[in-house]
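Colleague: could you work out the structure for the sequence below:
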Amino acid sequence: MAAPKAEGKYPGIWCYSDIFQLTPPLLRWCVRLAGYGFVAAAPEIYRRIEPPGTAIAFDDAGRTRGLGDAAKTPVADFDADCRAGLDWLGKHRKVAGGKIGAVGFCIGGHLAFRAAFQPDVKATVCYYGTGIHDGKLGKDADAGSLAQAKEIHGELLMIFGAQDPHVPEAGRETIDGALRKSGGAVPDDFVSGGACVYEG
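Modeller: Numbers count the residues shown, from 1 in each chain. Model (predicted):
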């Protein structure tokens, strides 16, 4: 967790990593958010599998390990950890009541998307969230995330790379269609890549 040094109440952000867990770049991201006036808390997404404090190396073996850990984790465990983490963050002495957001990268983008289903999450940013378009998350072949998009009541910022092989244009079109059907406002240029805001 990283928080502003000054006393006071600040918005809280639940920060999801990619498959490599709490690596130095993710920790720097949290510190940067704290510098901008947020309380940033990042969970170890494989806490049931990896020893506490495990940061997986950015190499081929680490990629295999991270993907393997993901494949062993049921979505129900990810969701339970999300709810527990949001409850903890919401009670933190430095977090302002009613001001909780979520952010995530890659698999963490999908986890952040699911965090947006929680009524206390007011804003979410998903950076190149994998598996949202086809439902694949962790051990589950279909987490049903897009089918639950109507449960998002806060703002949602989705950021994808136009050339990302993990979320191709057809996948972005699937996400776009599901978000439009869910009843929220979606910008016309959603599927082009880049960023767009969805207002639930």
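
Colleague: can you name the next helix or strand after the biggest helix by length in the chain?
Modeller: What stands out as the longest helix in the chain, according to DSSP state H, is helix 75-91. Going down the chain from helix 75-91, the next helix or strand is strand 95-105, by DSSP states H and E.

Colleague: in which helix or strand does residue 132 reside?
Modeller: Going by DSSP H and E, residue 132 is not in any helix or strand.

Colleague: correct me if wrong: residue 183 contacts residue 150.
Modeller: Yes. If you go by C-beta atoms under 8 Å, residue 183 and residue 150 touch, sitting 6.1 Å apart. Yep, even glycine has a C-beta here, placed from its N, CA and C like the rest.

Colleague: out of these two, which sits in the more crowded spot?
Modeller: residue 150 (15 against 10; other C-beta atoms under 10 Å).

Colleague: what's the more buried one in contact with, if anything?
Modeller: By C-beta atoms under 8 Å, 6 or more residues apart in numbering, residue 150 lies in contact with 182, 183.

Colleague: report the mean per-residue pLDDT for stretch 127-143.
Modeller: For stretch 127-143, mean pLDDT is 96.

Colleague: what's next to that stretch, contact-wise?
Modeller: Residues contacting stretch 127-143 (C-beta under 8 Å, 6+ apart): 70-75, 77-78, 103-114, 126, 144-146, 158-161, 164, 166-167, 170-172, 174-175.

Colleague: which residue lies nearest the spatial centre of the protein?
Modeller: Nearest to the mean C-alpha position of the chain, counting by C-alpha atoms, centre = their mean, stands residue 112 at 2.3 Å.

Colleague: now for it: which residues touch it?
Modeller: 14, 16, 102, 103, 104, 124, 125, 126, 129.

Colleague: kindly report the same for residue 117.
Modeller: Residue 117 touches 148, 151, 152, counting by C-beta under 8 Å, 6+ apart.

Colleague: that one: which element?
Modeller: Under the assignment given by DSSP H and E, residue 117 is not contained in any helix or strand.

Colleague: going forward, count from 418.
Modeller: Got it, first residue is 418 now, which makes that one residue 534.

Colleague: quick check: it vs residue 419, distance?
Modeller: 25 Å (C-beta to C-beta, to the nearest Å).

Colleague: repeat that for residue 512.
Modeller: Residue 512 is 13 Å from residue 419, by C-beta to C-beta.

Colleague: which residues do those two both contact?
Modeller: residue 456.

Colleague: next one: residue 593 relative to residue 493, how far apart?
Modeller: From residue 593 to residue 493 the distance is 27 Å (C-beta to C-beta).

Colleague: give me the more crowded residue out of the two.
Modeller: Ranked by neighbour count (other C-beta under 10 Å), residue 593 and residue 493 place residue 593 first, with 21 against 12.

Colleague: using CSV, list the CA coordinates for stretch 427-441.
Modeller: The C-alpha trace of stretch 427-441 is given here as CSV (Å, rounded to 0.1, in the frame of the first residue of the first chain):
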residue,chain,number,x,y,z
TYR,A,427,-8.1,10.5,0.1
PRO,A,428,-9.7,8.4,-2.6
GLY,A,429,-8.7,4.7,-2.5
ILE,A,430,-7.6,2.7,-5.5
TRP,A,431,-7.5,-1.1,-5.6
CYS,A,432,-4.6,-1.8,-8.0
TYR,A,433,-4.3,-5.1,-9.8
SER,A,434,-1.0,-6.3,-11.3
ASP,A,435,-0.4,-8.3,-14.4
ILE,A,436,0.5,-12.0,-14.1
PHE,A,437,3.9,-11.1,-12.6
GLN,A,438,2.4,-9.8,-9.3
LEU,A,439,4.0,-7.0,-7.3
THR,A,440,7.0,-6.2,-9.4
PRO,A,441,9.0,-3.0,-9.1
